[in-house]
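Visitor: take this sequence and fold it.
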Amino acid sequence: MHSLPRLRALSLLNLKLKSTHQLKQAHAQLITNGLKSTSIYGRLIQHYCALSDPENTSLYAHLVFKHFDEPNLFLLNTLIRCTQPKDSIFLFANWVSEASLCFDDFTYKFVLGACARLPSVPTLVVGREIHARIVKERIMSNILVQTTLLHFYASNKDLGSARKMFDEMSERNSVTWNAMITGYSSQRESAPDALLLFRDMLDGDSGVKPNDTTMVCVLSAAAQLGVLETGTCVHGYVEKSMPASDRDVFMGTGLVDMYSKCGSVDCALNVFKRMKLRNVLTWTAMATGLAIHGKASEALELLDVMKAHGTNPNAVTFTSLLTACCHVGLVDEGLHLFHLMKSKFGVTPQMQHYGCIVDLLSRSGHLNEAYDCIVTMPVEPDAVLWRSLLSACNVHGDVSMGEKVGKKLLRIQLAQSSTDATPKSEDYVALSNIYAHAEKWDAVEMVREEMKVMRIDNKAGSSSVQTTSNHVLDGL
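Guide: Numbers count the residues shown, from 1 in each chain. Below is the predicted model:
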């Protein structure tokens with residue numbers, strides 16, 4: 001009886017619906033014809049959540065779920081998987097309190113995935129509570145749940161818990177190994193562990209072989225450590241075991257980035273020229289590599305070639321290039337690039353771009369120009385920009401500018417004191433140091449007294465030394 005309406009509804013949902021209005025029409029068709037298929041409604045939820053207006057479409061996606069008289073676990077899982085991470089976690093918490101549904105492996109897999117996509121301290125606490133619930137319900141044997149749990153801990157920078165999870169797993173697949181290696185390679189201090197784990201993967205008897213994702217993460221670890229010999233060995237392994245690597249845009253980009261950061265820009269160029277496919281990240285990595293090595297004119301030329309090949313540089317491209325100019329001290333080139341952003345490439349400068357310019361001018365001693373850049377910005381400057389300038393004032397001994405900027409920062413601190421329970425001491429100490437450098441001891445005492453009145457404690461200094469044994473990189 002419902003075959004024709006069912007076909008009409010399915011045909012609507014199979015289309016690439018691009019607006020809420022079109023989806024609401026399909027939704028109405030399903031309700032009007034009394035269809036109760038969970039698979040069809042699950043597809044409708046996916047379509048709603050895929051639209052570009054998450055706030056409004058999330059409301060309709062929840063209405064689809066509530067359409068059924070009894071709560072349906074399949075639709076709940078679909079909703080948790082497809083909505084924004086914060087909404088997914090909140091939805092799961094609500095149903096935990098309801099206690100009217102018995103969750104399955106997929107429920108936990110999807111909500112842990114949401115926790116992994118929203119890394120923060122509160123999310124880490126929630127994820128640990130979910131972990132405890134999984135143990136209590138005795139579903140830890142599922143490799144998908146275990147791997148997602150590992151990924152959650154790694155994404156939230158709790159690498160100790162992630163490694164504990166990894167070591168306790170009786171069965172591991174390539175996704176498990178990749179999740180752990182990715183976690184290690186995401187932080188420079190743990191990058192050696194990524195290389196060690198990769199070596200264990202090669203030497204062990206797990207039967208799991210590295211794939212393209214593994215190699216991209218290992219290349220990232222080598223790039224962060226700046227170990228050219230290791231990176232070259234990894235490249236050799238890629239060439240030997242993955243013959244079509246020149247057609248893998250992510251692998252190629254990883255190699256370009258690794259060689260650039262390890263000081264071999266010529267090798268980076270060779271890889272770049274051999275690549276059959278390139279995306280905006282590939283062009284960005286190559287242009288940044290050229291800029292880092294003082295080849296600013298070649299980097300600018302590459303931007304023109306990039307545009308001629310149909311790939312437009314984006315905000316990330318310019319952030320990366322401006323940062324490179326800043327570290328190398330290419331003031332004129334950086335300013336020229338900044339002016340080309342809008343005029344030639346149509347990219348509107350954002351806060352991070354202004355931050356790069358302020359840092360570039362400040363480091364080179366152009367303090368007045370840096371100040372003018374901040375006060376004429378079309379957006380409200382944040383405290384980070386002022387701190388960058390204040391630090392430069394201290395380095396270059398400009399007491400007058402330092403006093404002006406320091407007082408500006410203190411006013412910002414006072415304005416934020418109602419929401420910040422622990423005022424930071426750095427701005428007070430920096431201003432005090434500028435006065436001390438100019439031997440204005442009365443002013444130093446005044447700042448210190450103000451810190452006492454505000455009950456701001458000065459943080460004790462600390463140092464750390466990281467050592468990496470040569471054996472970490474042996475055998476790669």
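
Visitor: V121: neighbouring residues, count only.
Guide: Neighbourhood size, V121 [other Cβ atoms under 10 Å]: 8. Bear in mind the C-beta positions are built from the backbone N, C-alpha and C, glycine included.

Visitor: which phi and psi values does it adopt?
Guide: Here is the backbone geometry of V121 (degrees, to the nearest 10): phi -60, psi -50.

Visitor: now do it, the pLDDT please.
Guide: The per-residue pLDDT reported for V121 equals 93.

Visitor: got it, and N211?
Guide: 92.

Visitor: same check on the one 4 residues further on?
Guide: On the pLDDT scale, M215 is placed at 95.

Visitor: helices along the stretch 51-200 of the chain, start to end?
Guide: In the stretch 51-200 of the chain, the helices defined using DSSP state H, counting those that start in this stretch lie at 54-66, 73-82, 85-98, 105-117, 121-136, 143-155, 159-168, 174-185, 191-203.

Visitor: what comes into contact with the fifth one?
Guide: By Cβ atoms under 8 Å, 6 or more residues apart in numbering, the surrounding residues in contact with helix 121-136 are 89, 92-93, 96, 108, 111-112, 115, 140, 145, 149, 152-153, 156, 158.

Visitor: rerun that using 7 Å as the cut-off
Guide: I89, Y108, V111, L112, C115, M140, V145, L149, F152, N156, D158 (Cβ atoms under 7 Å, 6 or more residues apart in numbering).

Visitor: ok now it, how far from the chain's centre?
Guide: Helix 121-136 sits 22 Å away from the centroid of its parent chain (Cα atoms, centre = their mean, to the nearest Å).

Visitor: tell me the angle it makes with helix 85-98.
Guide: Computed by axes from the mean of the first three to the mean of the last three Cα atoms, to 10 degrees, the angle separating helix 121-136 from helix 85-98 equals 40 degrees.

Visitor: buried ones in the lengthiest helix in the chain?
Guide: Ranked by residue count and defined by DSSP state H, the top helix of the chain is helix 399-416. By neighbour count on 16 or more other Cβ atoms under 10 Å, the buried set for helix 399-416 is V399, M401, G402, E403, V405, G406, K408, L409, L410, I412, Q413.

Visitor: that one - contacts with which helices or strands?
Guide: Secondary-structure packing of helix 399-416 (3 or more Cβ pairs under 7 Å, 6 or more residues apart in numbering; DSSP states H and E): helix 383-396, helix 426-437.

Visitor: show me how far the first one is from its chain's centre.
Guide: To tie it back to what came earlier, the one meant is helix 383-396. 26 Å.

Visitor: just stretch 147-155 next, same as before
Guide: The chain centroid and the centroid of stretch 147-155 are separated by 15 Å under Cα atoms, centre = their mean.

Visitor: which residues does that stretch contact?
Guide: The contact list for stretch 147-155, computed with Cβ under 7 Å, 6+ apart, reads 109, 112-113, 115-116, 119, 127, 131, 161-162, 165-166, 175-176, 179-180, 182-183.

Visitor: ok, now stretch 344-359?
Guide: By Cβ under 7 Å, 6+ apart, stretch 344-359 touches 312-315, 318-319, 322-323, 326, 334, 338, 341-342, 370, 373-374, 377, 379, 382, 384-385, 388-389.

Visitor: before we move on, the earlier item: between the helices and strands packed on helix 399-416, which has the poorest mean confidence score?
Guide: Per-stretch mean pLDDT for the helices and strands packed on helix 399-416 is lowest at helix 426-437 (a mean of 68).

Visitor: could you pull out the helices for the stretch 251-400 of the chain?
Guide: Secondary structure of the stretch 251-400 of the chain (DSSP H, counting those that start in this stretch): helices at 265-274, 280-292, 296-308, 315-328, 331-343, 351-363, 367-375, 383-396, 399-416.

Visitor: how about the second one, which residues are buried there?
Guide: Just to be clear, that refers to helix 280-292. Within helix 280-292, the residues that count as buried by 16+ other Cβ under 10 Å are L281, T282, W283, T284, A285, M286, A287, T288, G289, L290, A291, I292.
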